[in-house]
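Student: Here's my sequence, what's the structure:
(one chain, ligands or ions: 1)
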Amino acid sequence: MIIRTDAAYADELDARDPLAPFRARFQIDDPDLIYLDGNSLGRLPLATAMLAEQLVREQWGGRLIRGWNESWFTAPERVGAKIARLIGAQPDEVIVADSTSVNLFKLAVAALRARPGRSQILSDDLNFPSDLYILQGAIDLLGHQRQLEIIPSADGIHGPTAPLAARLGEQTALVTLSHTVFKSGYVYDMAALTAAAHDAGALVLWDLSHSIGSVPVDLNGADADLAIGCCYKYLNGGPGAPAFLYIRRDLQEQLHNPLSGWMGQKNLFQFNLEYQPAPGLRRFLTGTPPVLSLALVEPGVDLLLEAGIEALRAKSLQQTEYLVALWEVLLKPLGFALNSPRDPAQRGSHISLGHAEGLRIDLVLINDLNVLPDFRAPDNIRLGIAPLYSSYRDIHTAVTRMQRIVAERLYEKYANDAPVVT
Ligand SMILES: Cc1ncc(COP(=O)(O)O)c(C=O)c1O
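Tutor: This is a model prediction of the structure:
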């Protein structure tokens, strides 16, 4: 990509950006704040703020218990059906419930039980560590008959696709990976790995947390079995928003929710003493949904559907390319390393830049220069681009502020053992 490094060029790119008007649909109090953490916590859509007031005052305050029959009971499926459109799934294949971690637990245990006699679970060392903790918990629960094999990435950036495929065999029960990995932003070839796992008779569970809303995902096209993901990153659902889970239609009746609760019961208000799973995906609900935060996921999803995932990806690719090009000219000479794939087709919507002074640079950005990226040990400054509202000017400003921090050694005012930030 041939670029100019001046701010006017960033403004030209913003002026030509067909998605630029979406920025005005979010609450932006401080125009000088450069927010590059939408891959961790998305901004607040204005429509969500309005809905929050209405939900609390009219639905909870006014409708009281009647709200359950009017819209609350069906909200997990209603919002799930909209999310399905972002990830190439059928409306009845996605439901909103619990957190990403809890959904991973439910699906992993169900998948392992559906592959009895197979002992191997495959993942990689780029996966979100908590996902690995959950798998360890599932192994404990199931009596230590399975082993988790963590395949290392050769460079800490690219997923170990070939070594993973080579380990697949008749003992493999489950392969579970982050589709877009949280540190480097590497994106796996979902269709190819799923096909290889299926050839070995294994199930595959994808964590879509860093893909949904920025990277096109075609679960049905890839014949994917299972997926989970969170709603507070690119979906802009709000802190602690409930997560979603996907189960391919033909698998739904074969799998059993290990957290069998009344929301997944066939006739929940008959209060039978014996659990009978509801038909379809509702069986993967457990307890009462967090109605308010669940409903607040919907406006963010609507915004993404309105913008269109292909247009979002096109902008995200152009913006990450722009950032990489600025890095090459302005930051690389100052000791910043690109810790994300160079090939745009292999990366999601965030870029990690490593620097020996990464932590202290991050502290200056956050505390002194009004830039909010996040930091991932040991030295990664992670710059998340949310194509719905990130501007080219945001990217340019962040890069020039980082340049200044190193050129003027502004980081020296912080101790190297400062508390770790977000
Ligand atoms: C890739 C990935 N998976 C799982 C999780 C865990 O999500 P939660 O804490 O909402 O269960 C996160 C949280 O950031 C994540 O980034």
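Student: Look up how far residue 87 lies from the residue in the stretch 201-350 of the chain positioned nearest to the ligand.
Tutor: The ligand sits closest to residue 209 of the stretch 201-350 of the chain, with a gap of 3.7 Å, by C-beta to the nearest ligand atom. C-beta here means a position set from N, CA and C on the backbone, and glycine is covered the same way. As judged by C-beta to C-beta, to the nearest Å, residue 209 and residue 87 stand 12 Å apart.
Student: Tell me the helices and strands packed up against the longest helix anywhere in the chain.
Tutor: Secondary structure of the chain read by DSSP state H shows that its longest helix is helix 309-326. Under the contact criterion of 3 or more C-beta pairs under 8 Å, 6 or more residues apart in numbering; DSSP states H and E, helix 309-326 touches helix 7-15, strand 350-354, helix 392-407.
Student: I'd like these written out as TSV, with mean neighbour count and distance to the ligand added.
Tutor: Output for these, formatted as TSV (neighbours: other C-beta atoms under 10 Å; distance: least, C-beta to the nearest ligand atom, whole Å):
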stretch	mean neighbour count	distance to the ligand
helix 7-15	15	29
strand 350-354	26	11
helix 392-407	21	21
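Student: now these as CSV including mean pLDDT?
Tutor: Output for those, formatted as CSV (pLDDT from 0 to 100):
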stretch, mean pLDDT
helix 7-15, 97
strand 350-354, 97
helix 392-407, 98
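Student: out of the ones you listed, nearest to residue 94?
Tutor: For the helices and strands packed on helix 309-326, the distance to residue 94 is smallest for strand 350-354, at 23.6 Å, taking C-beta to C-beta.
Student: got the contact list for the helix or strand just after that closest one?
Tutor: Per DSSP states H and E, the first helix or strand lying C-terminal to strand 350-354 is helix 358-367. Helix 358-367 is touched from outside by 355, 371-375, 378-381, 398, 401-402, 405-406, 410-414, 416, 418, 420-421, with contacts defined as C-beta atoms under 8 Å, 6 or more residues apart in numbering.
Student: With adjacent residues omitted, what lies nearest to residue 167?
Tutor: Distance criterion C-beta to C-beta, 6 or more residues apart in numbering; nearest residue to residue 167, sequence neighbours excluded, is residue 122 at 5.9 Å.
Student: Could you count how many residues lie near residue 177?
Tutor: Number of residues near residue 177 (other C-beta atoms under 10 Å) recorded here: 25.
Student: Could you say which helix or strand holds it?
Tutor: Assigned by DSSP H and E, residue 177 belongs to strand 172-178.
Student: Can you dump the C-alpha atoms of that strand in PDB for me?
Tutor: Taking Å, rounded to 0.1, in the frame of the first residue of the first chain, the C-alpha atoms of strand 172-178 are listed here in PDB:
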ATOM      1  CA  THR A 172      -9.000 -36.700  18.500                       C
ATOM      2  CA  ALA A 173     -12.400 -35.900  20.100                       C
ATOM      3  CA  LEU A 174     -12.300 -32.100  19.800                       C
ATOM      4  CA  VAL A 175     -10.300 -29.300  18.200                       C
ATOM      5  CA  THR A 176     -10.900 -25.900  19.700                       C
ATOM      6  CA  LEU A 177      -9.300 -22.700  18.600                       C
ATOM      7  CA  SER A 178      -9.800 -18.900  18.600                       C
END
